[in-house]
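Asker: Okay, here's the prediction I keep looking at, along with the sequence it came from:
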Amino acid sequence: MNCADAVARLNAALDGELALADAREVQQHIDACDACARRFRTLQQVRAAVRSTLFAPVDAARFDAGVLARVRQEPSPVRISGAWIAAAAALVIAVSSAVLMLQGHSAGAQPGRSAAPVPPAELSELPGGNEGRKTLALDCGVGHDSSCIVEAPPGLMAGN
Amino acid sequence: MGADDADAQLLRAHARGDPHAFGDLLERYRGRILHLVRCRVGARSVWVEDVAQDVFVQVHRKAGTFEGRSSVKTWLYAVAINVCRDHQRRQRRALQAVPVPIDAVEPLAELPDASLDPLERLEQQERDRLVRDAFETLGTAHRTVLYMRDHEDMSYEQIADALGVPVGTVRSRLHNARAALADALAQRVRGLRP
């Protein structure tokens, strides 16, 4: 091992981050090379200096009071696991499907009402009831009365 | 029970609504998070305490998302690093300064050929001041790896996880950080001689 190889490994050797064989090679080089032994000693001194230095303390009571005051304004953390999210999503899909099927069934059963489907791409704007909000009627392909109504945020629709 | 297990229990207890767990976490990590934030934003920054408080608010918000893939310490530090990055981004926008790329590959710095023995003979208070002054001359990335490695005894892999960088980057950054600190300390030690 030459000095360049050793220098590149001195920090890892100091930190115990080298494989045993590499660490042994570095140690052998340090034992034989005064310059690298000096470099290694400097690194040890730097590490010792950082380790033993006391950084400026903080007023713990004031700091904690600040954190806790801010945390109290937050909602409680709720642990939501992936399994719960999947179960909730499955439930929403199942309920939505059941509602759509029932609506489609009742629309088809009403006499005198046209069950002709609206073209799938049709997208019509309905009179908005809420200030600043508009609604979109999207044909779900089930029947004329079964459009899915979704709210669009202000600014999303043309002319809003 | 190890410190990691105890920390994980505290975090999970907080996520379940235990009213005391958060205070215990705060007690255990207050000092460390403050040091890490100082390393990131600079010890003289007036924002240190605000940013450290932001970190704990984020920990509160994200407690339920901890899955135990890393230690709580590594997870907390990753949260802290992200909060500090957000803060620095806001500061840069406010100052309209050009960001300095910290992930650029640096060539390994030469270690200064100087003895730091006089450091060991100084009184603790004077040595602390001298080391803190020298530490402050380093860049954010260098202060952070030095703090995580030498103060917190984190492995290169844990540091890489917390910072979101490859282990090789941690290795070269640590080499350059120690070389730069050795240089800054050597200058100050020379200044002490009569």
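Answerer: Structure received.
Asker: Quickly note the distance from the residue most central in space within chain B to chain A.
Answerer: Nearest to the mean C-alpha position of chain B, counting by C-alpha atoms, centre = their mean, stands residue B:36 at 3.2 Å. Distance, residue B:36 to chain A, using C-beta to the nearest C-beta, to the nearest Å: 11 Å. Heads up, the C-betas are built off the backbone N, CA and C, glycines and all.
Asker: Next: residue B:124.
Answerer: Residue B:124 is 8 Å from chain A, where distance means C-beta to the nearest C-beta.
Asker: picking that back up, pretty sure the residue nearest to the centre of chain B is in contact with residue B:80, am I right?
Answerer: Yes: under the criterion of C-beta atoms under 8 Å, residue B:36 makes contact with residue B:80 at 5.3 Å.
Asker: so how far is residue B:45 from residue B:56?
Answerer: Separation of residue B:56 from residue B:45 (C-beta to C-beta, to the nearest Å) stands at 18 Å.
Asker: Just the CA atoms of the host helix or strand of residue A:23, as CSV, please.
Answerer: Taking DSSP states H and E as the definition, one finds residue A:23 inside helix A:20-32. The C-alpha coordinates for helix A:20-32 follow below in CSV (Å, rounded to 0.1, in the frame of the first residue of the first chain):
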residue,chain,number,x,y,z
LEU,A,20,-10.4,-6.4,8.6
ALA,A,21,-7.9,-7.1,5.9
ASP,A,22,-8.0,-3.5,4.7
ALA,A,23,-7.6,-2.2,8.3
ARG,A,24,-4.6,-4.5,8.8
GLU,A,25,-2.9,-3.2,5.6
VAL,A,26,-3.5,0.4,6.7
GLN,A,27,-2.1,-0.3,10.1
GLN,A,28,1.0,-1.9,8.6
HIS,A,29,1.5,1.2,6.4
ILE,A,30,1.1,3.5,9.4
ASP,A,31,3.6,1.5,11.4
ALA,A,32,6.2,1.9,8.5
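Asker: one step back: tell me the contacts of the residue nearest to the centre of chain B?
Answerer: Residues counted as contacts of residue B:36 (C-beta atoms under 8 Å, 6 or more residues apart in numbering or on different chains) are B:77, B:80-81, B:84, B:144, B:147-148.
Asker: switch to 6 Å and redo it
Answerer: residue B:80 (C-beta atoms under 6 Å, 6 or more residues apart in numbering or on different chains).
Asker: now the helix or strand hosting it: mean pLDDT?
Answerer: Using DSSP H and E, residue B:36 maps to helix B:21-41. Averaging pLDDT along helix B:21-41 gives 91.
Asker: For that helix, buried residues please.
Answerer: B:21-26, B:28-30, B:32-41 (16 or more other C-beta atoms under 10 Å in any protein chain shown).
Asker: Contact residues of chain B facing chain A?
Answerer: Taking C-beta under 6 Å from any C-beta of the partner chain as the contact definition, chain B meets chain A at B:15, B:17, B:26, B:34-35, B:53, B:56-57, B:60, B:63-64, B:111, B:116, B:119, B:128, B:131, B:146, B:150, B:156, B:174-175, B:178, B:181-182.
Asker: at 7 Å what do you get?
Answerer: With C-beta under 7 Å from any C-beta of the partner chain as the criterion, chain B meets chain A at residues B:14-17, B:22, B:26, B:30, B:34-35, B:38, B:43, B:49, B:53, B:56-57, B:60-61, B:63-64, B:108, B:111, B:113, B:116, B:119, B:128, B:131-132, B:146, B:149-151, B:156, B:171, B:174-175, B:178, B:181-182, B:185.
Asker: Now residue 70: closest residue in space, sequence neighbours ignored.
Answerer: Defaulting to chain A. Nearest residue to residue A:70, sequence neighbours excluded (C-beta to C-beta, 6 or more residues apart in numbering or on different chains): residue B:57, at 5.2 Å.
Asker: actually it's chain B I care about, not the one you picked
Answerer: With sequence-adjacent residues excluded and distances taken as C-beta to C-beta, 6+ apart, residue B:70 is closest to residue B:161, at 5.6 Å.
Asker: That neighbour contacts residue B:71, correct?
Answerer: No: applying C-beta atoms under 7 Å as the test, residue B:161 and residue B:71 come out as separate, 9.2 Å apart.
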